[in-house]
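[1] below are the sequence and a predicted model; questions follow.
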Amino acid sequence: MHRREFLQLLATAAAGGFLLDPRASWAQGERLYDVPRFGNVSLLHFTDCHAQLLPTYFREPNVNLGVAAALGRPPHLVGEALLKHFKLRPGSAEAHAFSYLNFDQAARTYGKVGGFAHMATLINRLRASRPGALLLDGGDTWQGSATALWTKGQDMVDVCKRLGVNIMTAHWEFTLGASRVKEIVERDFKGQIDFIAQNIKTTDFEDPVFPSHVMKEINGVPVAIIGQAFPYMPIANPRYFVPEWSFGIRDENMQKVVDEVRAKGAHAVVLLSHNGMDVDLKMASRVRGIDAILGGHTHDGVPAPVIIRNAGGQTLVTNAGSNGKFLAVLDLDVRAKHVADFRYRLLPIFSNLLPADTEMDALIKHLRAPFQAKLDEKLAVSHGLLYRRGNFNGTLDQVILDALMEVKGAEIAFSPGFRWGTTILPGQTITFEHVMDQTAITYPYTTVNEMSGAMIKTILEDIADNLFNPDPYYQQGGDMVRVGGMTYTCDIQGKPGHRISDMRLGGKPINADKRYKVAGWAPVSEEARNAGGQPAWEVVADYLRAKKTIKMPKLNLPKLSGAGGNPGMAG
Amino acid sequence: MADPMRIRATMQGDKVLVRVLMSHEMETGQRKDSAGNIVPAHFIQSVTAVHSGKTVLTAEWGPAVSKNPFLQFQFAGGKSGETVQIIWTDNKGDKRTDEAKISS
Amino acid sequence: MEEMIAGRRRFLQSGSATTVFGLFVAAGLIRPEAAFAQAGWNKDAFASKSLNDVVKALGGAGATPTNDISWGATPEIAENGAVVPINVTSRIPNTQSIAVLVEKNPNALAAKFDFPAGTDPTVSTRVKIGQSSNVHALIKTADGKYFVATREVKVTIGGCGG
C-alpha cells in the first residue's frame, strides 16, 4: 500500500469513529503481503469465490458450531476464540478478515475484500517470487452472481483463464448441467486448465467422468494434484442436472489414486478438495500418503493448517474461505522424494491494499458492461448490517424470509442455508446485483405448499442431521435451513430425529396434524422445476422496491440446547 | 422378452472383472399404479454366470434390488477372447441369457 | 423445499403401500408364494424381517460381528434411495457367500451372492433403500459360520446444501 492510500484509510477510519490500533503503521499492508519464498514447490489456492468478480463485504460467522470430535476444534471457532487460537491481534486487519468482530466499523476502516483484479495483482507478485507456482481453483467459481448465471459461467471461465488457473475441481459448477460443464472443460479449458475429480463416476458402469489427478513437474519435483468434487452434489442440489453421474466420498478409491500416483513417482501429493473441512479432517485420518489437502466448500477461513497424523505420516488440512476474500499460499520443501517442511499463509485480499491489475480490471468491466444497468438498479436502503453466513438465520436470510411470507401470503417460510452471498453495510443501498448475490442459481423457483406440522418437523430434523451428525461423512455442509414465522428449539447434541422440539407459530405449539402454508425456494425436485414458480430474486426485489427502506430485521433464531460454552458460538 | 444385457468383461491383471447391466423393472409388488391398484411383483430371482462351462457366480435376488440391476464380480482363470455368459430368471419364469467376450 | 415434500410423500406412499400389502397377505388375499415361483429361491429368507431371521432362514444360528469387510464405494448418504450402490469385499478366509440386507426395508434380505472357488469374495450391486437404515453384509464361510458388518446409509430429503 502506498502512503497516500494509507492516509486516506486513516481519514476514513477517523470519520467512521473507528480507533485504529496505535501499533498499526502504513507498513502493515506491505507486511501482510510480504511472504518470503520457501522451499521448491509452491501452490496458490482460492476456493468458493462464488463468482464475485468485484470487491465485496463478507462477514464471517458468529455461529459455526462443532459437535462430537469437532467441538472447539478448527474450523468450529468464531470471534475471540478464533483470534486466540490462531494468535491474531484483536483490531488488526487479519482479525477483521477472519472474524465477524466489530464487523461494520472494521469493514469501513479496511474496506472491501476480494475482487479478481486485486487477486490478480497478488497472484502476479507471488508468481514472480515463486517460479513454477501452480494456481488451484477449488470450485464454486461459476455460480453466485448475476453475470455468472446470465452467461452460464462464461464470465468466470474467461476470468479464470486470464488469471492463469492451472487446475480445478467443482461443486456448484454442476448446477449449470452436465453438458455445459463438459463443454467448458473440453472447449474453453482444453490445453490450459485441468478439471479433476476422482469421485465422479457414470451411473451405468461406474466409469470415471473426469481425470482423477494430474501430474506436474515443479522445479524438477514431480507433484501429483488429485481432485475431489463435492461428494453430495446430487443430494444438496438437483440431481436432474447430472442424471448420469454419481458422486460420493469414495475414500477407498482415493487411497487407490494416492497409491497410484506415488507409484508413478510423485514426491508430493496434494488433494484439491471440495469435501468441506470436517470431511477433509476425517479423510486425512483414513487415507495415507496425502501431504496436504487444500480444502473448500465449508467457507472456513482457517489461518493455519490442521495437522492430522495418520498411518502414512501426516496430512495438512486447510480451508481457504470464500467469496474471493482469501488466497492461500502453500510452500513445500521437497527433499529426498518427500515433503520435508512447509509454510502456509491464508492471505486476506484487501482491495485497498492491492491495486487492481489493469488488464484484469478491463476484462471484468468488459464482461459486465452488457448487464451494468440491470445490476445497478437501486431497490432499497438498508438500516442494518445484512449478512447470511452462520449456522442459523442471518439478517439477509431474514429479509428473504420476510419477503417470501409477505409476497406469498405464507405463515411460515424456509430458505436454504447457503453459505455464499455478500454482506451489506448499514446505510448501503441494496441493488439488484446484491439480490442476485443471494439468489443467483439455476433452480430459483419459489414454492408455496400446505405442510403438516409432522412434515415440517421431519424436514427440520433431516436438515439438522446434515449439520450436526457427529460423523462428518454423514454431513452435507451448508447451514441449517432458515426458518421464518415459526420458532423452535434445536438440541445440537440430540440424536437423529430428536434434535427439534417446541415448534411454535405465534406462540402456539405446532400441531402435527394441522396443515400450514409454507413458502420456500430452491427446490431440488424435477416436479418443482416443471411447475415453474417465480424466481426468488423477483420476489425479493419486488419486496425491496415496495419497502424502499429495510429496517434491521428481527432475527428468528431457534433456541439452542447443548451449545453452552461452545467456542463455535459468540455474540 | 427383456432387452439384452450390457456385459463388460475385462482382464484386470490375472483376474476377469465382469460388469453387467440388466434391463428389468424389478417391481416390488408394493407399488400402486395411477388407478390405485397394486402393481404385481416382477423381479429377477436368480442369476448365474458361466465361464468355460464352469459356474463362476450364482445369486439370489429379492425385489429390493434396483430397477435395471447392476452386478460386478471378478474371477480367476479366464483369458482374453474367451466368453462369459450371464443367465437370469425372474419370478414369472422369464429368462434371458447373454454373453460377452473377455477383452484385455 | 418441494423435493422435501415430494420425498416425504413418496416415503409415506411406500410406507402405506407396505401396510396395504401386509394386510392383503394377512387376509390371505395374496399368498406370498404366488409371487415367489422360482425353484431354488429361498423364499423364507427373502420374507424375513430381520437379520436374525435371515440367518435362521439361511440355516445358520447367529452371526458374529466383524471388521474384515470393506464397503468400497457404498455411500454414507444415498443420492437416490431407489438406486444405492452397494460394494462389499470380504477379507474373511473361505468366504463362500455374501448377502446384503437392508434393516428397515419391508423384507430385510435384498440379495445373496455365492462364490465358487476361483471367484473373489467381492461384489457390487444396487439396491432400494426406503428410509435411512443400517445395511448389513452377511458373510457365510465354507465351514458354515456367519459374520456380519454394518454400515449406516442415510436417505435424506436433500436440498439446502452449499
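    Nice, I can see it.
[2] please parse the chain into its domains.
    Assuming you mean chain A. A:1-32, A:34-56+A:112-366, A:376-561 (automatic domain parsing).
[3] looking at chain C here, not the other one
    Taking automatic domain parsing as the criterion, chain C consists of the domains C:1-30, C:42-153.
[4] if we can go back for a sec, can you say which of the domains of chain A is nearest to residue B:81?
    Distance to residue B:81, taken as Cβ to Cβ, is lowest for domain A:34-56+A:112-366 among these, at 20.9 Å. For the C-beta atoms, the positions are set from N, CA and C on the backbone; glycine is no exception.
[5] verify the stated contact: residue A:162 with residue A:359.
    Yes: in this structure, residue A:162 is within contact of residue A:359 by Cβ atoms under 8 Å, at 7.2 Å.
[6] who has more neighbours, the two?
    Set residue A:162 next to residue A:359 and count neighbours by other Cβ atoms under 10 Å in any protein chain shown: residue A:162 wins out with 15 against 12.
[7] what sits against the residue positioned nearest the centre of chain C?
    With distances taken as Cα atoms, centre = their mean, residue C:101 lies nearest the centre of chain C, 2.4 Å away. For residue C:101, the contact set (Cβ atoms under 8 Å, 6 or more residues apart in numbering or on different chains) comprises C:51, C:54, C:108, C:109, C:110, C:135, C:136, C:137, C:138.
[8] hmm, try it at 7 Å
    Residue C:101 sits next to C:51, C:54, C:108, C:109, C:110, C:135, C:136, C:138 when contact means Cβ atoms under 7 Å, 6 or more residues apart in numbering or on different chains.
[9] poorly predicted segments of the chain, please.
    I went with chain A, as the question did not name one. Flagging of chain A using pLDDT under 70 yields the residue ranges A:1-30.
[10] my bad, chain B
    B:1.
[11] find the closest residue to chain A in it.
    Proximity to chain A, evaluated over chain B using Cβ to the nearest Cβ, is greatest for residue B:19 at 5.5 Å.
[12] beta partners for that residue?
    For residue B:19, the residues forming beta bridges with it (DSSP bridges) are residue B:8, residue B:72.
[13] just say which of the domains of chain C is most tucked in.
    With neighbours taken as mean count of other Cβ atoms under 10 Å in any protein chain shown, the domains of chain C reach their highest mean count in domain C:42-153, at a mean of 19.
[14] quick one: mean pLDDT over that domain.
    On average, the pLDDT along domain C:42-153 is 97.
[15] how far away from the center of its chain is it?
    Taking the mean C-alpha point of domain C:42-153 and that of its whole chain, the gap between them comes to 6 Å (Cα atoms, centre = their mean, to the nearest Å).
[16] the closest residue to residue C:132 other than its chain neighbours: how many residues sit nearby?
    Distance criterion Cβ to Cβ, 6 or more residues apart in numbering or on different chains; nearest residue to residue C:132, sequence neighbours excluded, is residue C:154 at 4.6 Å. Residue C:154 sits with 24 neighbouring residues when counted by other Cβ under 10 Å.
[17] can you pull the contacts of residue C:154?
    In this structure, residue C:154 makes contact with A:474, C:76, C:77, C:78, C:132, judged by Cβ under 7 Å, 6+ apart.
[18] rerun that using 6 Å as the cut-off
    With contacts defined as Cβ atoms under 6 Å, 6 or more residues apart in numbering or on different chains, residue C:154 is in contact with A:474, C:77, C:132.
[19] so what's the backbone phi/psi at it?
    Backbone torsions of residue C:154, given as degrees, to the nearest 10, read phi -90, psi 130.
[20] quick check: beta-bridge partners of it?
    residue C:77.
[21] and the stretch 201-350 of chain A, which residues reach chain B?
    Residues of the stretch 201-350 of chain A found near chain B, taking Cβ under 6 Å from any Cβ of the partner chain as the criterion, are A:204, A:205.
[22] just the closest residue of the stretch 201-350 of chain A to chain B, please.
    Checking the stretch 201-350 of chain A residue by residue against chain B with Cβ to the nearest Cβ singles out residue A:205 as nearest, at 5.5 Å.
[23] number of residues surrounding that residue?
    Using other Cβ under 10 Å: residue A:205 sits among 13 other residues.
[24] check contacts around the closest residue to it other than its chain neighbours.
    In space, and not counting its chain neighbours, residue A:205 is closest to residue B:19: 5.5 Å by Cβ to Cβ, 6+ apart. Shown here is residue B:19, whose contacts under the criterion Cβ under 6 Å, 6+ apart are A:205, B:8, B:72.
[25] which one of these is nearest chain C?
    For the contacts of residue B:19, with chain C as the reference and Cβ to the nearest Cβ as the criterion, the closest is residue B:72, at 3.7 Å.
[26] surely that closest one meets residue C:122?
    No: applying Cβ atoms under 6 Å as the test, residue B:72 and residue C:122 come out as separate, 8.2 Å apart.
[27] how about the residue lying closest to residue A:106 once chain neighbours are set aside, secondary structure?
    Nearest-residue entry for residue A:106: residue A:96, 4.0 Å, with adjacent residues in sequence omitted and distances by Cβ to Cβ, 6+ apart. Under DSSP: H, G, I helix; E, B strand; the rest coil, the three-state class of residue A:96 is helix.
[28] tally of neighbours for residue A:96?
    By other Cβ under 10 Å, 25 other residues sit near residue A:96.
[29] same deal with residue A:109?
    Taking other Cβ under 10 Å as the criterion, the count of residues near residue A:109 is 23.
[30] please apply the same query to residue A:554.
    A count of neighbours around residue A:554, defined by other Cβ under 10 Å, yields 11.
[31] gap between it and residue A:181?
    With the distance defined as Cβ to Cβ, to the nearest Å, residue A:554 ends up 41 Å from residue A:181.
[32] what does residue B:42 give?
    Counting by Cβ to Cβ, the gap between residue B:42 and residue A:181 amounts to 37 Å.
[33] what does residue A:302 give?
    Between residue A:302 and residue A:181 the computed distance is 28 Å (Cβ to Cβ).
[34] again, but for residue A:332
    30 Å.
[35] near chain A, which residues of chain B are found?
    B:19, B:21.
[36] tell me where chain B has strands.
    Counting by DSSP state E, the segments of chain B that form strands are B:6-12, B:15-21, B:44-51, B:54-61, B:70-76, B:83-90, B:95-103.
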